[in-house]
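Participant: Provided below are the primary sequence and the corresponding predicted coordinates.
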Amino acid sequence: MTDTQTANTEPAPSDSSLKQPVDEMLSQRIGQYRVVRRIGRGGMGVVYEAVHETIGQRIAVKTLNQELSANPAFVKRFLTEARATVIAQHPGLVKVFDYGQIPDGPLYLQMEYLEGETLAKRLLKTGKLPIETTIRWIRQIASAMALAHARDIVHRDLKPDKITPVEKWLRGFRRASEKVAEVVVRSCRWEKPPERSSKQAHYVVA
């Protein structure tokens, strides 16, 4: 028998060897919410979409990798992010609703679900934005960051991949005069800066 014949008679890999690892978060229940799909993965964890089983409300669930959930430094950073988004309430900052830990599982944040693609993906498609839109969005982002800085909170990772353009109606109108954001900054690596003396200047975003 030739080498070629020998190679051709080797058994093909079984289907089980080609299967992807099962994501145990899928179909996981967190309170009244059920995790339905994975949205994306980052260096510290994974973001999922979850749906309220009764009223159908959609939220994002951001999890911290389980091995990092046992690291006090990363747990502190994760909790700081949750607290920061509560302290800095602004239409242009994503909202966090709850914080907790799945039994024998990772820490998580329940966050506002943002419909649509990131600004980074939008720019890849369009190449550039109209000047009027660019100026308007920069003003909104600067306003959100100015509020965060006034609360002594620094984002540290602000870039197009962390900004999501949203339709105004998706954010809701409570009053005709209410300011509604067209772009929303997603929380990531929020940190409180080191203590400083009262003589040091605050951050200023013009």
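Facilitator: Yes, it's here. No experiment lies behind these values; they were computed from the predicted model shown.
Participant: all strands for this protein, in order.
Facilitator: Secondary structure of the chain (DSSP state E): strands at 29-30, 33-41, 45-52, 58-64, 96-101, 107-112, 163-165, 183-185.
Participant: Measure how buried the residue nearest to Gln32 when sequence neighbours are not counted is and give me the count.
Facilitator: Spatially, and ignoring its direct neighbours in sequence, Gln32 is nearest to His52 (5.3 Å; C-beta to C-beta, 6 or more residues apart in numbering). Using the backbone N, CA and C atoms, a C-beta is placed for each residue, glycine as well. Residues contacting His52 under the criterion other C-beta atoms under 10 Å number 13.
Participant: and His52, what is it in contact with?
Facilitator: Gln32, Tyr33, Arg58, Ile59 (C-beta atoms under 8 Å, 6 or more residues apart in numbering).
Participant: Give me the residue at the spatial middle of the protein.
Facilitator: Arg186 (5.4 Å; C-alpha atoms, centre = their mean).
Participant: so that residue touches Val94, yeah?
Facilitator: Yes: with contacts counted by C-beta atoms under 8 Å, Arg186 reaches Val94, the gap being 5.0 Å.
Participant: Need the residues touching each of these two.
Facilitator: Leu114.
Participant: Count the residues that sit near His149.
Facilitator: Neighbourhood size, His149 [other C-beta under 10 Å]: 17.
Participant: my bad, should have said Ala144
Facilitator: The burial count for Ala144: 24, using other C-beta under 10 Å.
Participant: Report whether the expected contact of it with Gly92 is present.
Facilitator: Yes: with contact defined as C-beta under 8 Å, Ala144 counts as touching Gly92 (3.5 Å).
Participant: Any idea what Val154 is bridged to?
Facilitator: Glu191 (DSSP bridges).
Participant: Could you export the strands of the chain as TSV, including mean pLDDT and distance to Lys128?
Facilitator: Shown next, in TSV, are the strands of the chain (pLDDT from 0 to 100; distance: least, C-beta to C-beta, whole Å):
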stretch	mean pLDDT	distance to Lys128
strand 29-30	90	40
strand 33-41	91	25
strand 45-52	93	28
strand 58-64	92	28
strand 96-101	88	32
strand 107-112	90	28
strand 163-165	88	14
strand 183-185	72	16
